[in-house]
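Asks: this one's sequence-less:
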């Protein structure tokens, strides 16, 4: 492979990592989720039965915040690798906005592919880790680049009743490059890895071409093989941020709906399709229970969409106490009983029902004593 082909290969490398096995559409065709496709400014995402297909991606990262199951990722690992003990002020910008500094861009600024990838849970985690987080962008540049207005994106109003005001005030949005220099830590931070810096490094001889190509290939291959992680990272970041708070009112509510069980025959479809294990059905002797763990729930709505009874609904809000509780909360239970028609064992949340799920429709047809 000659250097021109290597250069073309590297330029076509998409820094966006996609884990299609986590996509709600991959898990079940009943899922109506299309948030990533709806928010993509260049219509680069096509939803299929095997997950999202991404072509001509501009790496804006808007899909990351929109997707409940964290199918997409860009620079999170690089951000989390920065040591808060060595960097008090985290200053973030993108390659396009960094050009506002010209060739003499000051040290201490971390470039990520796009600030559009920053979502509330990750921001809160960073705010509880660093003394200050600064996001620099010029609105006109972002409007021209991704056709997006970020003026409201970094507002954390929905968490203002939960996190200390002093924590939320650590976030500073700057749109004037001259003001950035006043906050510089003067320590060179580890820059987020992106294809531009990688491409430049190749031709300056600071990286080994063969090794990087191999690593990239393995990364893409492993991404397609990895099974469900059972750890929703967005909720993990929020949980870590909450635990760093000095004082918490456990009765305060989070901006997430709570799950309620209204009808159930404990068929286990919801628990088996849940991508994180937030729902569990257990059986002890002749009793089945459906339990829910709030801090594992991504609110992908798969459970409520696949439920034949439509018995799972989203009502009210989750409290901080419920969210931080690491034990599954029982939503409902039922004892085994024999069907009055076929005599088969069944479970039903409504204890008044004496016919199983299969025999119940026959009752409306006046068919009696039909045995399966």
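Replies: Cool, the structure landed. These numbers come from a predicted model, not from an experiment.

Asks: alpha carbons only for contacts and neighbour counts from here, please
Replies: Fine.

Asks: where does pLDDT dip in the chain?
Replies: For the chain, the stretches flagged by pLDDT under 70 are 1-13, 104, 185-231, 364-372.

Asks: which residue packs closest to the residue most central in space within the chain, ignoring adjacent ones?
Replies: By C-alpha atoms, centre = their mean, the chain has its centre lying nearest to residue 70, at 3.2 Å. Distances taken as C-alpha to C-alpha, 6 or more residues apart in numbering put residue 64 closest to residue 70, at 6.3 Å, once the chain neighbours are dropped.

Asks: okay, now that neighbour: neighbour count?
Replies: By the criterion of other C-alpha atoms under 10 Å, residue 64 has 23 neighbours.

Asks: how much space separates the residue nearest to the centre of the chain from residue 138?
Replies: 27 Å (C-alpha to C-alpha, to the nearest Å).

Asks: repeat that for residue 17.
Replies: Residue 17 is 26 Å from residue 138, by C-alpha to C-alpha.

Asks: give the contact list for residue 250.
Replies: Taking C-alpha atoms under 8 Å, 6 or more residues apart in numbering as the contact definition, residue 250 lies against 319-322.

Asks: pick the one among these closest to residue 97.
Replies: Comparing the contacts of residue 250 against residue 97 with C-alpha to C-alpha places residue 320 closest, at 37.3 Å.

Asks: look up phi and psi at residue 26.
Replies: Backbone torsions for residue 26, taken as degrees, to the nearest 10, come to phi -70, psi -40.

Asks: correct me, but it touches residue 47?
Replies: No. Applying C-alpha atoms under 8 Å, one finds residue 26 not in contact with residue 47, separated by 9.1 Å.

Asks: in the stretch 1-150 of the chain, mark out all the strands, start to finish.
Replies: Using DSSP state E, counting those that start in this stretch, the strands found in the stretch 1-150 of the chain span residues 17-18, 45-48, 51-54, 72-73, 89-93, 109-111, 132-136.

Asks: ok, so what distance separates the residue nearest to residue 70 from residue 274?
Replies: For residue 64, the distance to residue 274 - C-alpha to C-alpha - is 19 Å.

Asks: ranges for the helices of the stretch 1-150 of the chain?
Replies: Counting by DSSP state H, counting those that start in this stretch, the stretch 1-150 of the chain has helices at residues 3-11, 24-27, 35-39, 62-66, 76-80, 95-98, 120-127, 139-146.

Asks: so which of those gets nearest residue 304?
Replies: Short answer: helix 24-27, nearest of the helices of the stretch 1-150 of the chain by C-alpha to C-alpha, at 12.3 Å.

Asks: on that earlier part again, deepest in the core, which of the strands of the stretch 1-150 of the chain is it.
Replies: Comparing the strands of the stretch 1-150 of the chain by mean neighbour count (mean count of other C-alpha atoms under 10 Å), strand 109-111 ranks first with a mean of 25.
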